[in-house]
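**Q** quick one, fold the following:
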Amino acid sequence: MTAPLRTSLVTVGSPGSAPPRLPSFAPGAVVRRHTDVPAPEVLRRALRSTLDLLTGADRRQAPVFVAAAPYAACTATYFAERHEDPSRRLRPSHSIQMECSRLAQGLDQDLDEADRWTGELFFLCTPEHDVRQSIRSARAAVAGGVPAALVAEIAVAAGTEDGKPALSAAALLLVAESGDLSTGDPA
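**A** Okay, here's the model as predicted:
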């Protein structure tokens, strides 16, 4: 496996959010930060901001590997607590909230029609290993011939006064050394 030539990192946080783990795995990456983003939008903003660093035709096909174990555990715990509480009504929407993919819904509408992202999105939810698995998967995709891949992570902090968790996300862009893909200025 060849190491990617360039890496760029975007971090996004909602008020009260915990820092994501991904930056510690990319110490030399150029970082862009976005703060005070509403929690439901952090992953989509991180992915969109990272995809915006790419230019060229292959941008649309860049695979995304998302480390989502903390988010999956948080939503499953919330669902179980609602289910076990006889004083609360369990609604169908509560089971839909557990879907990690809902945090990326609308990403394709956020991008220009000509540059609409149509790549594959993978959520990895193995506790304690999700970030490493995501990085390993993205590196394998790049080594296998994909010009660029993204690694993202969703971090969860304890609930705010409204009981909803604070979320942060990070997205790391890996661009192949031999890729014909050019990147925009990450600064």
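**Q** any regions of this structure where pLDDT drops low?
**A** 1-6, 57-58, 82-83, 93-98, 100, 102, 105-115, 159-163, 178-187 (pLDDT under 70).
**Q** ranges for the helices of it?
**A** 42-51, 69-84, 92-96, 107-110, 130-143 (DSSP state H).
**Q** and Ala170, what does it touch?
**A** When contacts are counted by CB atoms under 8 Å, 6 or more residues apart in numbering, Ala170 touches Leu9, Val10, Thr11, Val12, Pro20, Arg21, Leu22, Pro23, Ala46, Ala152, Glu153, Ala155. For glycine as for every other residue, the C-beta is placed from the backbone atoms N, C-alpha and C.
**Q** in strands only, show me those.
**A** Counting by DSSP state E, those place Leu9, Val10, Thr11, Val12, Ala152, Glu153, Ala155 in strands.
**Q** quick one: which of the residues you listed is most hemmed in?
**A** Compared across these, Ala152 has the highest neighbour count, 31 neighbours, by other CB atoms under 10 Å.
**Q** who are the neighbours in contact with that one?
**A** Here Ala152 is in contact with 22, 43, 46-47, 50, 64-67, 134, 169-172 (CB under 8 Å, 6+ apart).
**Q** need the residue closest to the centroid of this protein.
**A** Ala152 (3.3 Å; CA atoms, centre = their mean).
**Q** bridging residues for that residue?
**A** Bridge pairing for Ala152 (DSSP bridges) gives the partners Val66, Ala171.
**Q** cool, and the one 4 residues further on?
**A** Beta bridges link Val156 to Leu167, judged by DSSP bridges.
**Q** my guess is it contacts Leu103. True?
**A** No: taking CB atoms under 8 Å as the definition, Val156 is not a contact partner of Leu103, at 11.3 Å.
**Q** pick out whichever of the two has more residues nearby.
**A** Using other CB under 10 Å as the criterion, Val156 and Leu103 rank with Leu103 on top: 24 against 21.
**Q** out of everything not next to it in sequence, what's closest to the more buried one?
**A** Excluding the flanking residues, the one nearest Leu103 by CB to CB, 6 or more residues apart in numbering is Leu43, at 4.1 Å.
**Q** if I look at the one you found, how far off is Val146?
**A** Going from Leu43 to Val146 by CB to CB, to the nearest Å gives 21 Å.
**Q** got it, and Asp36?
**A** Taken as CB to CB, the span from Asp36 to Val146 is 33 Å.
**Q** more neighbours: which of the two?
**A** Val146 (20 against 9).
**Q** most tightly packed of the helices of the chain?
**A** Greatest average neighbour count among those goes to helix 42-51 (a mean of 24), per mean count of other CB atoms under 10 Å.
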